[in-house]
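In: Structure for the following, please:
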Amino acid sequence: MSHLFIWGLGYSASHVRTIARIAGWQVTATGSAGDLPFDDEAAVARALHDATHVLSSVPPVGDSDPVLDRYAPLMAGKVLAYLSSAGVYGDAGGAWVDESAPVGTGRRTARSVADARWLALGARVLRLPGIYGPGRSALERVADERAHRIDLADQVFSRVHVHDIASGVMAALGGPPGAYNLADDLPASQNAVIEEACRLLGRAPPPLQSMEQAQLSPMARGFYAENRRVANGRAKRVLGWLPRYPDYRSGLTACLSTGGSCIGAARPRSATTSPTIASTAPVPATVDQR
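Out: As a prediction, this is how the structure comes out:
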């Protein structure tokens, strides 16, 4: 039986665990929702000994990768995968980036270093753009009145539904080592995603604001400082992966159908009564693998 060991059972990795168990895999994980504490070295060593495959979703801490710094020797001979970030590509001025693009030029230099270290170990490194899914999407931000529309012309991002991350991880664990972008097929502006969430919920879109008017956090400002489209062709070609949700519209519709009470309380308007909202190019991207 295949046995997957997961470092850091957060939002994305929990979906991987679900799919792996459905496929008949045994799964062990660290993290608050996992089976083992990260610092229990004896228990971790026993679990890693039995594992056939290893996935890390643990982000760097400062300039350090906690998993590699502490446990790298125990993972020798395992099939490795690592959830990285498309942020390693930095700003591309709205251009497409694939796995051949330079890395380490953006604000995520620590992530770039960790990305390179996992690649050097022969891992399947999965570079993720903005992650969304049930309970963590533009729908919740609109419902909670936390959504913004920022007046930035031609600002474009890529995103990926958490289900497609999980299916991509499973495909990568059976594929060759290397870097793979997991992204949907339709990069878009953040505004387009917020507008679609408003349409689905029957809400008026928030007003367009400047960065200063929106009073964004430094992290959010960093997000808007980068502009790129993430190409997913290599994952499709080499791994045979296809996103179930190829664009933000299908992904948000699926989130609405499985959403919690905070968005379920808002009755979406029918297509015939929804306001027409002009969508510019496609979507947000803050990567959170935890």
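
In: report the longest strand in the protein, please.
Out: strand 79-85 (DSSP state E).

In: Using CSV, write out every CA atom in that strand.
Out: Output of strand 79-85 as CSV, limited to C-alpha atoms (Å, rounded to 0.1, in the frame of the first residue of the first chain):
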residue,chain,number,x,y,z
VAL,A,79,9.1,10.1,-3.7
LEU,A,80,9.1,13.8,-2.7
ALA,A,81,6.7,16.7,-3.5
TYR,A,82,6.7,20.3,-2.3
LEU,A,83,4.1,23.0,-2.5
SER,A,84,5.9,26.1,-3.6
SER,A,85,4.6,29.4,-4.9
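
In: Which secondary structure element is home to residue 195?
Out: Taking DSSP states H and E as the criterion, residue 195 maps to helix 190-201.

In: And for residue 250?
Out: Residue 250 belongs to helix 248-258 when assigned by DSSP H and E.

In: related to what we said a few turns ago, what's the first helix or strand after the helix holding residue 195?
Out: Immediately after helix 190-201, counting by DSSP H and E, sits strand 208-209.

In: what's next to that following strand, contact-wise?
Out: Around strand 208-209, the neighbours that count as contacts under C-beta atoms under 8 Å, 6 or more residues apart in numbering are 148, 149, 150, 151, 191. For the C-beta atoms, the positions are set from N, CA and C on the backbone; glycine is no exception.

In: and residue 110, that one's in a strand?
Out: No - according to DSSP: H, G, I helix; E, B strand; the rest coil, residue 110 belongs to no strand; its state is helix.

In: Tell me how many other residues surround it.
Out: Using other C-beta atoms under 10 Å, residue 110 is surrounded by 16 other residues.

In: can you tell me which residues contact it?
Out: Neighbour list for residue 110: 60, 62, 63 [criterion: C-beta under 8 Å, 6+ apart].

In: Averaging pLDDT per element, find the lowest-scoring helix or strand in the chain.
Out: Within the chain, confidence by mean pLDDT, DSSP states H and E is lowest for helix 261-264 among all helices and strands, at a mean of 46.
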